Structure formats: structure tokens, C-alpha cells
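Asker: quick check, what structure comes out for this input:
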Amino acid sequence: MLSDNIKKGVDRAPNVSLLYALGLTKEEIERPVIGVVSSFSEIVPGHMHLDRIAQAVKDGIRAAGGTPILFPAIAVCDGIAMGHIGMKYSLVSRELIADSTEAMALAHQFDGLVMVPNCDKNVPGLLMAAARVNIPTIFCAGGPMLAGRLKDGRRTCLSHMFEAVGAYHAGTLTEAGVEDYTENACPSCGSCSGMYTANSMNCLTEAIGMALRGNGTIPAPYSARIRLAKHTGMKIMELVEKNIRPRDIMTKAAFRNAETVDMALGCSTNTMLHLPAIAREAGVTIDLDGANAISARTPNLCHLAPAGDTFMEDLDRAGGVCAVMKELTKKGLLDTSLLTVTGKTVAENLEGVENLDEEIIRPIEKPYSENGGIAVLRGNLAPDGCVVKRSAVAPEMMVHEGPARVFDSEDDAIAAIYNRKIKPGDVVVIRYEGPKGGPGMREMLNPTSAICGMGLGESVALITDGRFSGATRGASIGHVSPEAASGGSIALVKEGDVIAIDIPACKIELKVSDEELARRRAAWTCPEPKIRTGYLARYAKLVSSADRGAVLE
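Answerer: Down below sits the predicted model:
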């Protein structure tokens, strides 16, 4: 056991004396020592209940003969951080989570780890750490929030909440109407109830083979989530005994499976940042072009919020991630021979699984579309690619051409939208919000929600080198690479330039001649950094472009 390094032999007697100081008995010290990485906090709704989940995991570990030891991981609530400097700390927290978990796991020589995350950067950060330290590891997320219900009985969620603010500014919703959403959009603990980034990553954790069935979809308040946690705690002991490690599971083929499920579910565009970053830690390379190839052959089977009117609890009732995977196997779209944390293959895990509601999970013969939920666009505006959640784009915006309305910050763009300066047909360009230029690559949920809330979602596109919340819908194109702060073409766009978007053809073009772009590039100078001190300044100096996962080099 790895923990022998801190507990075996006379030379380790000082180490053992400190384990005794923890109150551990000789019998507990002699068992496999399992780190339980809990993301519990009192500021994140998705994490406010993780103390109960972590306790259930610990109960499972003890029941199977192990000794659980709890230690923390941080997490940022993207919704609370939205719209101010706090959002600059969201994506960057992923690296802090991975680094600090690596430090704790290896400093204390745990025999195995159970990760208990739930929200947007916490899940990929812990997956990165799992791949990096490569000791037996399994995940048990906190689960999704239940959908809200307005006073008139309509179901609602966080994306509706943000759009309600836009509707208020448009004069189509009263202050009392906004209050109805405020009080009812987020009714329980858990990650927000649509197919946003947190739930996307928890579903893909299950799809890639690092969590038990139900990890992505069992609602947070359900007792089934506690039972899942106990079974997860029991299962880590089997993984330790068999020495099944993350890199045995997180292979290139497993990432290909995850990308396929991503396309079928219609996940958040943030997966296009996180999957490459996780794969890199596992010694695997995946790129944006590969995502388009997978999308081209993978039907989109689900339209959960914000793409539709169904929620995570509905997906769970219909059979969850495994039911989606079972549909995909009907056309041979998954490698079912791969090992998972169950100790069994994907094929064995899917035995007996059924699609229990074909309105929630479309049969593969009757998909929402023949292509997957995400598209990667390329062209002179984004030579290294940009990303759009195709499944959440209105049909009339799949092909669009219009004049650029250029803003050098998210705040300026929001002010223009609320002051009715954006007109139907416009293409809003928000730049210097990328990983380096932000720094931190803020999510643009406020401007996209403002556009939709003001009734412009079917006539206005938004393009940015920043990124989007999973709650974003509409023709919202992010991750433009290279970013403006690196001298990418997005830095050269001028007010009124025509931009052409063709999502089915995966193209995006700035209709300016090569000669004119060359003249603009020669005259361009990089603005001074927005932040010069602290973690964000260090991050800006080290971070890669979005097309490579915004990882630290």
C-alpha cells in the first residue's frame, strides 16, 4: 500500500505518532487509508450538502474495510461570481483545485481517493488531479438541483432567471415577475437544474468511466444520492485491491466515448475546455477538430434546458446517462470494451439498461438532429477555432451575416444591450476577455441572457474570446482562438465590419480582405494588462489559448 510509506517500520514511528494524534487507532492505521476530497462549503448551493455526501462515502469505506480521511477542495459558485470581478476567478480555480489536490494526495500517501465535487470547475479540476496522481480514484458528485416552479405552475431554472432580467429591461416583465423567478428558480441544493457545465461534467465523468451509474443525474435531495455515495465508498476498496487506476480508465478511447455522449446530450461548450485539459493530465491528446468529426456522426438525442424545457430530474427518470449510452450503442458509436470504475466494461454496465422516456431521450432513429450538440467553427476570424452550442441555437440563426458591434469588455456590451443600442441582425463582438486577456476567461451569461431576454435571441449573434455558461442559449460563439490579447483576428475587427456565420458548415468569416487585415495587424498594439498582481497576473503569464484547454504551461 502507498500508505506504508507513512506507517511501516521503526523509521516511520514519528509519522505514526501524528496519525495517533488524529485519534486513529492502530487497527484503523493498518487498513488502507482513503482520502475523501470534499468540496463542501456554505457559499455554493451545489455544495452546501456535500458534508452529507462525504459522510455517506466515509460510511461506505468503513463498511468495506478502509479508513477514510477527509480533506477539502475549493469551489467557486459561477452564478454568484457572475457579472463582476469574481467571474475572473472561476476558470482559474480549476488549476488551483488540481494542484492543491495533487499536493494533499501525494504528501499524505493515500492508498485511494474518493472525489466529492459538484460544480463547474471543481469536477474537471478533480478529474485533472486524479489523472495526474494516478492512484485508485472514484467520483461521487453531489447531484443536480430540482427544477423550480413559478407561482403559475410553470417549471423554471437559473437560465430563465438571468433572462428575466433582460425581459425586465425590455419592459416585458415587471419587477414582481422578476421576484417570482428570484424566489423560485433555484429551489434546492445541487448543481443548477439544466444541462449546464456542472451537470455536463458530472454526466461525462460517468460516461468516461470514473463514476457509478447515476452520478450525473440523481437529484441532490434524493436519498438515492446518499445510497450512491455509500456504494462509491465501498467500490473504492475494490479499486485499491485490484489496483485499478485512473489512467487505466481514462484512455483515448474513453475520452472519445465522453465526447460522443457530450454531443448526444447537448452539453455545455465548457466541455471543450475541460476535456482537453483532463486528457492532457492523462497523457492523451484530444483537439477541437476531433470534436467536429465526432459531432458529424453523433445524433443529438436530448434537449434539456437551456436548449429545451426538460431538466436533469427528467433525464434521471428516463434512465440517465446510461440510457443515452445504450441508444448510442445501437449504431456502434461507443467503444463498449473499456474498463470502468465498476471493475466491469462499458458493455457490462449497460446490460439491462432501457430508455424509459423517448420524449426525454430521443431514440437514435428519431434524434433532434443528425449532428451533435456542439460545433467547432473555423475561418479567418478564428483560425484556431471557436465553439458554439449548436443544439441551443434557433434555426433562423444557424446561418447569419451582419455588422459587427465591437466591445472591449463584457461590461460595455451589457450596457449597450440594455440601452437598446443593439439591433436585429447585429453581431456583438466582445474581446479581451480570453484566458490571458481577461484574465480568466469570464463566462458571458449576462450579455447572452440580456440578448434573449430583450427578444433578440433569434436575430442577434454574439462572438467572444471569452466563454459561456452552460445556461447560455442562442447564437453564442465563444473560445475564439487566438484571443485578442494574443493578437488574434478578433482584435482587428472594427465597428461595422461584416461577419458571416455558417454553423452547419462550421465556418466563421470576417469579410475583410487579407491585405486590410495585414494593415490592421501591423498597426495593432496589445493593451496593458488589466490586472498586474496576485494569482490572476501569474495565471495570465502561464495560460495557454482556449483551443488547447486554457491549461497552465
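Asker: quick one: buried residues of stretch 223-242?
Answerer: 225-226, 228-241 (16 or more other Cβ atoms under 10 Å). In short, each C-beta sits where N, CA and C put it, glycine included.
Asker: what does stretch 28-40 give?
Answerer: 28-29, 31-40.
Asker: before we move on, what about stretch 401-413?
Answerer: Result for stretch 401-413 [16+ other Cβ under 10 Å]: buried residues 402, 404-410, 413.
Asker: what does stretch 242-254 give?
Answerer: Of all the residues in stretch 242-254, those buried under the rule 16+ other Cβ under 10 Å are 244-246, 248-251, 254.
Asker: what of stretch 146-153?
Answerer: Applying 16+ other Cβ under 10 Å to stretch 146-153 flags 146-148 as buried.
Asker: CA-only coordinates of it in PDB, if you can.
Answerer: What follows is stretch 146-153, C-alpha atoms only, in PDB (Å, rounded to 0.1, in the frame of the first residue of the first chain):
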ATOM      1  CA  LEU A 146     -34.600  20.200  -8.700                       C
ATOM      2  CA  ALA A 147     -36.300  22.400 -11.300                       C
ATOM      3  CA  GLY A 148     -38.100  25.400  -9.900                       C
ATOM      4  CA  ARG A 149     -41.700  26.200 -10.200                       C
ATOM      5  CA  LEU A 150     -43.200  29.700 -10.700                       C
ATOM      6  CA  LYS A 151     -46.400  30.800  -9.000                       C
ATOM      7  CA  ASP A 152     -48.400  30.000 -12.100                       C
ATOM      8  CA  GLY A 153     -47.100  26.400 -12.100                       C
END
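Asker: for that stretch, give the mean pLDDT please.
Answerer: Over the span of stretch 146-153, the pLDDT mean works out to 98.
Asker: got the contact list for the residue nearest the centre of the chain?
Answerer: Centroid check for the chain by Cα atoms, centre = their mean gives Thr197 as the closest residue, at 3.4 Å. Counting by Cβ atoms under 8 Å, 6 or more residues apart in numbering, Thr197 makes contact with 78, 120, 268, 270-271, 469-470.
Asker: can you name the two of those residues that sit furthest apart?
Answerer: Asp78 and Thr271 (14.6 Å; Cβ to Cβ).
Asker: okay if I get the contacts of Thr197 as a markdown table plus neighbour count, secondary structure and pLDDT?
Answerer: Conversion of the contacts of Thr197 to a markdown table gives the following (neighbours: other Cβ atoms under 10 Å; DSSP: H, G, I helix; E, B strand; the rest coil; pLDDT from 0 to 100):
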| residue | neighbour count | secondary structure | pLDDT |
| --- | --- | --- | --- |
| Asp78 | 29 | helix | 94 |
| Asp120 | 34 | coil | 93 |
| Ser268 | 33 | coil | 95 |
| Asn270 | 30 | coil | 95 |
| Thr271 | 28 | helix | 96 |
| Ser469 | 31 | coil | 88 |
| Gly470 | 32 | coil | 84 |
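Asker: closest one to Val376 out of the residues you listed, please.
Answerer: Thr271 (11.9 Å).
Asker: the closest one contacts Leu204, correct?
Answerer: Yes: using Cβ atoms under 8 Å, Thr271 is in contact with Leu204, at 6.4 Å.
Asker: overlap in contacts, the two.
Answerer: Counting by Cβ under 8 Å, 6+ apart, the contacts common to Thr271 and Leu204 are Asp262.
Asker: just give me the longest helix of this structure.
Answerer: Secondary structure of the chain per DSSP state H: the longest helix is helix 223-242.
Asker: pLDDT on that one, on average?
Answerer: 98.
Asker: now stretch 401-417
Answerer: Averaging pLDDT along stretch 401-417 gives 96.
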